[in-house]
Every structure is written in structure tokens, then in C-alpha cells.
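Novice: sequence first, then the predicted structure:
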Amino acid sequence: MSQMQFQAPPLTKTNKIILILSVACFIASSVGKAIGAFSLPSILGLSGSGVLSGFVFQFITYPFVETQLLGFLFNSLLVWFIGSEIEKMWGEKLYQRFLGLIVLICGLVYALVGILLFNGTALYSTPLFGLSGINFALLIAYATLYPDRQLSMMLIFPMRARTFCFILIAIELYSGIFSSYLSSWAHLLSMALSFLFIRYQHLPLIHQMMNKSFGRESKKAKKGHLRIVKDEKKDPPRYWH
């Protein structure tokens with residue numbers, strides 16, 4: 001069975017905004033660290049202590065904070081390549097709703113776990129930040145839609161998208177269990193939500209969340225649904241209407 005090779009799509013509107021905000025935060029973080037004036041992750045990153053201090057804006061800002069150059073470049077490329085293709089397929093509104101729900105639900109769970117279970121410990125004040133959560137969700141979405149497409153592990157080893165994601169899940173599980181990183185569990189949650197939103201989008205609750213802004217479709221359009229693609233050359237994919 002032949003599969004289409006992955007090609008970088010044009011940068012779409014939503015992802016352009018995400019990358020602009022990430023670049024601005026990366027520059028601000030680098031400057032703040034260099035002059036010793038402030039730590040951007042402690043301000044815009046999400047933590048239980050921050051939320052209880054009234055910094056509720058952290059639920060929105062935490063994905064855009066990046067501190068490491070290589071991580072920033074890698075995450076930005078994934079948003080561009082994977083995110084832009086998915087936004088082009090789904091449309092701007094649905095793509096934004098998908099990412100918004102992932103960011104908000106993961107943020108709420110992370111903050112609540114920090115407040116209820118780790119209050120007074122270092123983990124209570126440890127911020128969650130970066131595009132990794134969004135990217136993991138996008139990769140799971142991509143692998144669910146196109147399980148046999150080729151991706152490159154570390155830009156060197158080609159493998160199927162489904163295998164690529166299994167490896168990512170194993171890495172995050174290892175980090176969460178043996179390194180006690182709460183961020184790894186947040187990343188795993190974003191993967192699980194992404195899979196549920198796509199694989200089980202026909203369920204009433206998920207369908208309503210993902211299609212709330214699309215209430216004026218025709219009756220015929222409302223019967224449409226997202227299908228898992230076996231070979232998109234022979235059977236073009238359908239997406240949420």
C-alpha cells in the first residue's frame with residue numbers, strides 16, 4: 001500500500017499567531033534570564049501557586065513560553081508542519097477549538113493536581129510551559145488520521161506515524177514514573193484528549209464541544225463525521241463539518 005510522503009504545508013493563520021507569540025516569549029525569556037531581571041516561566045507558566053495567587057491568565061499563556069533554543073526550534077517546526085496541515089484540513093474555527101480545549105483541560109488538571117496533592121512542595125510551584133503539550137496532541141491527531149504516513153524520529157530514522165507516537169508515549173511514561181515530572185503527565189493527558197476527541201468525536205458531549213460554533217450546517221452536512229484514513233489516495237478523508 002503506497003502512502004503519501006509528508007511535505008511541509010504553508011504556515012496557516014492560527015499557527016502563525018502561535019509562533020509569533022512563542023518567538024516574543026522566547027526573546028523576552030532570554031533577555032530576562034540574561035540580565036537577571038525576571039523568570040518568564042514563573043510569570044506566564046502555569047502552576048498551582050500562580051493560580052492561587054490570582055495569575056489566572058496562566059491558563060492561556062503557558063503554552064507560548066519557551067526557554068531552550070533547540071526545544072523552541074523543534075516545537076516551532078512541529079507546529080508549522082503538522083499543525084498547519086491539520087488546520088488546513090479541519091478549518092480555522094475547529095482547529096482553534098481543538099487546541100483551546102486541549103490547553104484549557106490540561107491546564108485545569110495540572111493546576112488542580114498541584115493545589116490538591118502537592119501544596120507546600122516544590123511541585124506546587126513548578127510551572128508547566130512550552131509548546132510540547134500542543135505538539136503531542138497534534139502528533140496523536142496526525143497519527144490517528146494517517147497511521148501509516150512516514151515521520152522521522154530525530155529527523156533521521158523514518159517510521160510510521162503510529163509507531164512514532166507509541167515511542168513518544170513510552171518516553172513520557174518513563175519520565176513521569178521515574179523522574180517525577182508532572183509535565184510528562186500533562187503531556188500524556190494532552191495525547192489522550194487528542195485521541196478521544198478524534199476517535200470518539202461521534203459521542204454527544206465531544207461532538208457538542210467540537211462543533212458548537214458550527215450550528216448552521218445543513219442536515220446533510222451534520223451527518224458527516226471524521227474517519228480514520230487507511231489510504232487517502234483511494235479514499236479521501238472526511239473531517240468534522
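Specialist: Thanks, I have it. Numbers count the residues shown, from 1 in each chain.

Novice: spatially central residue for this protein, please.
Specialist: Compute the mean C-alpha point of the chain, and by C-alpha atoms, centre = their mean the closest residue is residue 134, 1.4 Å away.

Novice: mind listing what residue 207 touches?
Specialist: Taking C-beta atoms under 8 Å, 6 or more residues apart in numbering, we find residue 207 in contact with residue 201. Every C-beta, even on glycine, is put in place using the N, C-alpha and C of the backbone.

Novice: got a pLDDT number for it?
Specialist: On the pLDDT scale, residue 207 is placed at 82.

Novice: still on that earlier bit, measure the spatially closest residue to the residue nearest to the centre of the chain that is not a sequence neighbour to residue 70 for me?
Specialist: Nearest residue to residue 134 in three dimensions, chain neighbours excluded: residue 63, at 5.5 Å (C-beta to C-beta, 6 or more residues apart in numbering). For residue 63, the distance to residue 70 equals 18 Å [C-beta to C-beta, to the nearest Å].

Novice: what ranges do the strands span in this protein?
Specialist: In the chain, the segments counted as strands under DSSP state E are 150-153, 157-160.

Novice: how many neighbours does residue 199 have?
Specialist: Neighbour count of residue 199, defined by other C-beta atoms under 10 Å: 15.

Novice: thinking it is in contact with residue 144, fair?
Specialist: Yes. Residue 199 is within contact range of residue 144, at 6.2 Å (criterion: C-beta atoms under 8 Å).

Novice: report all helices and strands that the helix ranked longest in the chain contacts.
Specialist: Of all the segments assigned as helix in the chain under DSSP state H, the longest by residue count is helix 92-117. When contacts are defined as 3 or more C-beta pairs under 8 Å, 6 or more residues apart in numbering; DSSP states H and E, helix 92-117 sits against helix 13-35, helix 48-52, helix 58-61, helix 84-90, helix 122-125, helix 132-145, helix 182-199, helix 204-211.

Novice: tell me which of those is the most buried.
Specialist: Neighbour counts (mean count of other C-beta atoms under 10 Å) averaged over each of the helices and strands packed on helix 92-117 peak at helix 132-145, with a mean of 25.

Novice: send the alpha carbons of that one over as CSV?
Specialist: Provided in CSV are the C-alpha atoms of helix 132-145 (Å, rounded to 0.1, in the frame of the first residue of the first chain):
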residue,chain,number,x,y,z
SER,A,132,5.2,20.4,23.8
GLY,A,133,1.7,19.6,25.0
ILE,A,134,0.1,21.1,21.9
ASN,A,135,2.6,19.3,19.7
PHE,A,136,1.9,15.9,21.4
ALA,A,137,-1.8,16.4,20.8
LEU,A,138,-1.2,17.3,17.1
LEU,A,139,1.1,14.3,16.6
ILE,A,140,-1.6,12.0,18.1
ALA,A,141,-4.2,13.6,15.9
TYR,A,142,-2.0,13.2,12.8
ALA,A,143,-1.2,9.6,13.6
THR,A,144,-4.9,8.8,14.2
LEU,A,145,-5.8,10.2,10.8
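
Novice: what packs against it?
Specialist: Counting contacts by 3+ C-beta pairs under 8 Å, 6+ apart, helix 132-145 packs against helix 69-78, helix 84-90, helix 92-117, helix 161-178, helix 182-199.

Novice: for the shortest one, packing partners?
Specialist: Yep, that's helix 84-90 we're talking about. Secondary-structure packing of helix 84-90 (3+ C-beta pairs under 8 Å, 6+ apart): helix 13-35, helix 92-117, helix 132-145.

Novice: nice, that's everything, thank you.
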